[in-house]
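# predicted model and sequence follow; I will ask about them next.
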Amino acid sequence: MSNECGDKDDAADRAVTALLTRAATADSHADDRLRVAIADFFLADAARLDDRTRIAMAATLGDLVQAVEGALRHHAARLLLAREAAPLSAAIEAEEPSIFQRLVQAGVLRDPELMRELLGRVQQDLLTDALSGESPDDPDRPSLLPRLAGAADRVISASAVALMTAESRRRVAPTPGQPAVTDLPAELHHRVIWWVAAAIRESMGPLESESQALLDRALVDAALRSIAAHDEGDRLEATALRLASALDPQASELAILLVEALADRRLSLFIALLARALGLDYSDAREIVLDRDGSRFWLVLRALELDRAAIARIGLALCEADPARNLDRFADGIDDILAISPATARHALAPLLLHRDYRAALVALGRRTHQ
């Protein structure tokens with residue numbers, strides 16, 4: 001009887017300890033939630049993500065991690081099986097809770113470069129989908145990209161086909177068992193691969209030293225395979241820039257190509273044409289195009305000497321695709337935009353054309369000066 005009482009007392013003590021631990025954790029989480037709520041409340045509307053972007057961002061990030069995790073687990077399992085570690089092979093490929101939440105909890109997905117790239121990608125995709133496009137004046141004439149794919153110039157035709165392939169690949173889930181196609185810049189791709197590999201290792205729990213060594217080696221080999229298979233030149237952004245370079249439009253041709261790229265709902269080519277004309281990175285040009293304020297964007301178009309008709313068609317297409325851009329305000333302000341001379345616009349844009357890291361260093365120094 002005394003043992004039963006002692007067991008009950010021990011169980012009660014453990015339950016109380018567990019309850020106190022949960023209460024302390026809940027108190028900490030309540031404080032975290034309050035800080036987040038305060039930050040959210042005072043966040044300017046212009047900086048707040050809309051629901052559509054937030055949902056798309058969550059889906060993109062989740063799909064990215066899931067694809068990398070699936071590819072690493074599958075290849076590591078094959079390696080372990082070949083290395084006569086069948087139980088470990090089955091364990092690593094078994095259905096497990098996604099490691100996505102572990103990466104979120106660890107904070108590694110808050111990486112500013114990764115978030116900048118994915119947010120730009122998501123916003124570009126949403127704007128592309130919202131573009132209404134225009135029917136060609138001649139219904140028998142192919143739209144821009146298919147027409148370029150059939151060009152006599154082999155460099156242009158190959159670049160156009162590569163861009164269509166890259167657009168399709170980004171929208172399609174990777175084939176099971178193949179290295180994950182993240183379509184990220186190489187450095188970001190490497191980071192994500194290693195984060196996911198480490199999270200998979202952790203999810204397997206404690207193992208005997210020999211099994212742990214086998215698992216580590218298999219995960220490293222699987223990660224290195226995915227890194228080796230990644231070709232930064234196949235990214236959508238890179239293929240768009242190659243096509244823009246192959247087209248090499250003269251000043252008189254640029255406006256026509258820009259308008260037609262939007263009419264064909266090829267926002268990636270539109271951005272690449274602007275990037276090449278200005279000497280900007282694709283990501284910098286994309287940021288300017290996606291900025292709903294539009295101030296820098298109109299300066300860019302004037303710096304490139306686009307006329308009223310071209311600016312009006314581009315502005316109308318973007319405002320119709322994204323009501324937050326305010327079509328009425330654009331219509332009222334088009335005379336002010338055209339009043340800016342190309343030389344003045346180029347002078348105003350000069351700081352933007354500096355190297356991104358150099359600009360970031362200048363901003364950092366300026367922030368320190370004013371603290």
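That came through, no problem.

# OK, contacts around Ile193?
The contact partners of Ile193, by CB atoms under 8 Å, 6 or more residues apart in numbering, come to Val68, Leu72, Ala180, Ala223, Ser226, Ile227. Heads up, the C-betas are built off the backbone N, CA and C, glycines and all.

# go again with 6 Å.
By CB atoms under 6 Å, 6 or more residues apart in numbering, Ile193 lies in contact with Ala223, Ser226, Ile227.

# what strand or helix carries the residue nearest the centre of the chain?
In the chain, the C-alpha nearest the mean C-alpha coordinate belongs to Leu118, at 1.6 Å (CA atoms, centre = their mean). Element membership for Leu118, per DSSP states H and E: helix 112-130.

# I would like the residues contacting that helix, please.
Outside helix 112-130, the residues touching it (CB under 6 Å, 6+ apart) are Ala56, Met57, Thr60, Leu188, Arg265, Leu267, Arg286, Leu290, Ala321.

# got the buried residues for that helix?
For helix 112-130, burial by neighbour count (16 or more other CB atoms under 10 Å) applies to 114, 117-128, 130.

# nearest to Ile38 among those?
Leu119 (22.9 Å; CB to CB).

# separation between the closest one and Asp125?
Noted for Leu119: a distance of 11 Å to Asp125, by CB to CB, to the nearest Å.

# same question for Leu278.
Counting by CB to CB, the gap from Leu278 to Asp125 is 23 Å.

# mind checking the end-to-end distance for stretch 222-241?
By CA to CA, to the nearest Å, the extent of stretch 222-241 from end to end equals 31 Å.

# what residues of it count as buried?
Ala222, Ala223, Arg225, Ser226, His230, Arg235, Leu236, Glu237, Ala238, Thr239, Ala240, Leu241.

# ok, now stretch 195-204?
Neighbour-count burial for stretch 195-204 flags Trp195, Val196, Ala197, Ala198, Ala199, Ile200, Arg201 (criterion: 16+ other CB under 10 Å).

# so of the residues you listed, which ones are in helices?
When the buried residues of stretch 195-204 are checked against helices (DSSP state H), the matches are Trp195, Val196, Ala197, Ala198, Ala199, Ile200, Arg201.

# out of those residues, which one sits closest to Arg170?
Val196 (19.3 Å).

# and the closest residue in space to the closest one that isn't next to it in sequence, how many neighbours does it have?
In this structure, Val196 finds its nearest non-sequential neighbour in Val68, 4.6 Å apart by CB to CB, 6 or more residues apart in numbering. Each residue near Val68 was counted by other CB atoms under 10 Å, and the total is 26.

# what of the one 4 residues further on?
Neighbourhood size, Leu72 [other CB under 10 Å]: 26.

# quick check: which element contains it?
helix 51-82.

# tell me the pLDDT at Asn326?
pLDDT for Asn326: 85.

# for the one 3 residues further on, same thing?
Residue-level confidence at Arg329 comes out at 88, pLDDT.

# next secondary structure after the host helix or strand of it?
With elements delineated by DSSP H and E, Arg329 resides in helix 327-339, which encompasses its position. Going down the chain from helix 327-339, the next helix or strand is helix 342-349, by DSSP H and E.

# restricting to C-alpha, output that following helix in CSV.
Extracted C-alpha coordinates of helix 342-349, given in CSV (Å, rounded to 0.1, in the frame of the first residue of the first chain):
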residue,chain,number,x,y,z
PRO,A,342,16.1,62.0,-69.3
ALA,A,343,19.3,63.7,-68.1
THR,A,344,17.7,64.8,-64.8
ALA,A,345,16.2,61.3,-64.3
ARG,A,346,19.7,59.7,-64.9
HIS,A,347,21.3,62.0,-62.5
ALA,A,348,18.6,61.2,-59.8
LEU,A,349,19.1,57.5,-60.4
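
# how much does it deviate in direction from helix 327-339?
110 degrees (axes from the mean of the first three to the mean of the last three CA atoms, to 10 degrees).

# any weak-confidence spans in the stretch 201-350 of the chain?
Within the stretch 201-350 of the chain, no stretch has pLDDT under 70.

# now do the helices in the stretch 201-350 of the chain.
For the stretch 201-350 of the chain, the helices defined by DSSP state H, counting those that start in this stretch cover 209-229, 236-247, 251-263, 267-278, 282-290, 295-303, 308-321, 327-339, 342-349.
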